[in-house]
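[1] prediction below, plus the sequence it came from.
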Amino acid sequence: NAGVTQTPKFQVLKTGQSMTLQCAQDMNHEYMSWYRQDPGMGLRLIHYSVGAGITDQGEVPNGYNVSRSTTEDFPLRLLSAAPSQTSVYFCASSEGTRTEAFFGQGTRLTVV
Amino acid sequence: GENVEQHPSTLSVQEGDSAVIKCTYSDSASNYFPWYKQELGKGPQLIIDIRSNVGEKKDQRIAVTLNKTAKHFSLHITETQPEDSAVYFCAASKGGSYIPTFGRGTSLIVHP
């Protein structure tokens, strides 16, 4: 049972480039979320999904796009990378909003 | 929306001492309060959670208390060990489609 798998683990982008961070879970969870973690700022919610075909914005959605075509996958797209998007990104999944969230190992992104 | 404040941001203790981390929340409808531990280079993992119909919950050296009237909850770790060194996050959720809101985290350092 792999849980939540994020790829890649590390990425360096140039300003203006686009890329997709992948997230997949094998627990048949309805809820999936993307967070960014910056020093002293905790985990800030970027986008989330309550089921296939349904997504919504979190606290810091600007510059990011998501889609949820299947229950298993929830990719995060950076449209035009900026240095302010340098961060560690975590994907999480859960059965509900009052149950344990399972996090991936994170993607460390640097935008130069 | 929900606002979760967590204190202290850094906590340094000697091995064997107790550690207490405190969180307050703003939305009186919140009824699920998980705590996560994040070790270096990894994603957060649930260590204990409490629901609003319970005032205290224990699991070996870890306990969580909840005061609904004052809207605060705390994590207590007794007989701390070096392997307890990590970043700890509290969160609050009111269920439905409301994704949990996280505190900013506490870096716990246990000195041997």
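    Perfect, I can see it now. Numbers count the residues shown, from 1 in each chain, chains lettered A, B, ... in the order given.

[2] a strand runs through A:Ser84, doesn't it?
    No: using DSSP: H, G, I helix; E, B strand; the rest coil, the assignment for A:Ser84 is helix, not a strand.

[3] pull up the residues of chain B that are close to chain A.
    Contact residues (Cβ under 8 Å from any Cβ of the partner chain) of chain B with chain A: B:6, B:9, B:31-32, B:34, B:36, B:41-46, B:49, B:51, B:89, B:93-105. Using the backbone N, CA and C atoms, a C-beta is placed for each residue, glycine as well.

[4] B:Thr80 - how many residues pack around it?
    For B:Thr80, the count of nearby residues is 21 (other Cβ atoms under 10 Å in any protein chain shown).

[5] how about residues contacting the strand or helix carrying A:Val88?
    Here A:Val88 sits within strand A:87-94, counting by DSSP states H and E. Under the criterion Cβ atoms under 8 Å, 6 or more residues apart in numbering or on different chains, residues A:4, A:6, A:21, A:23, A:25, A:27, A:29, A:31-38, A:43, A:46, A:74, A:76, A:100-104, A:106-109, B:43-44 lie in contact with strand A:87-94.

[6] returning to what we had before: the residues of chain B next to chain A in strands, which ones?
    B:Gln6, B:Tyr32, B:Pro34, B:Tyr36, B:Gln45, B:Leu46, B:Asp49, B:Arg51, B:Phe89, B:Thr101, B:Phe102 (DSSP state E).

[7] which residue does chain A bring closest to chain B?
    As assessed by Cβ to the nearest Cβ, chain B sits closest to A:Phe103 within chain A, at 3.2 Å.

[8] which stretch of helix or strand covers the spatially closest residue to A:Arg77 that is not a sequence neighbour?
    Counting by Cβ to Cβ, 6 or more residues apart in numbering or on different chains, A:Asn65 is the residue found nearest to A:Arg77 once chain neighbours are left out, at 4.3 Å. Per DSSP H and E: A:Asn65 is located in strand A:64-66.

[9] any low-confidence regions in chain A?
    Scanning chain A with the threshold set as pLDDT under 70 gives A:1.

[10] need the contact list for the residue nearest the centre of chain A.
    What sits nearest the mean C-alpha location of chain A, by Cα atoms, centre = their mean, is A:Trp34, with 3.1 Å. By Cβ under 8 Å, 6+ apart, A:Trp34 lies in contact with A:21, A:23, A:45-48, A:58, A:64, A:66, A:74, A:76, A:89-92.

[11] which phi and psi does B:Pro82 have?
    With angles defined as degrees, to the nearest 10, B:Pro82 sits at phi -50, psi -30.

[12] and it, what does it touch?
    B:Pro82 neighbours (Cβ under 8 Å, 6+ apart): B:Glu15, B:Val110, B:His111, B:Pro112.

[13] returning to what we had before: give me the PyMOL select line for the contacts of A:Trp34, limited to the buried ones.
    Restricted to buried positions by 16 or more other Cβ atoms under 10 Å in any protein chain shown, the PyMOL selection for those reads:
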select buried, chain A and resi 21+23+45+46+47+48+58+64+66+74+76+89+90+91+92
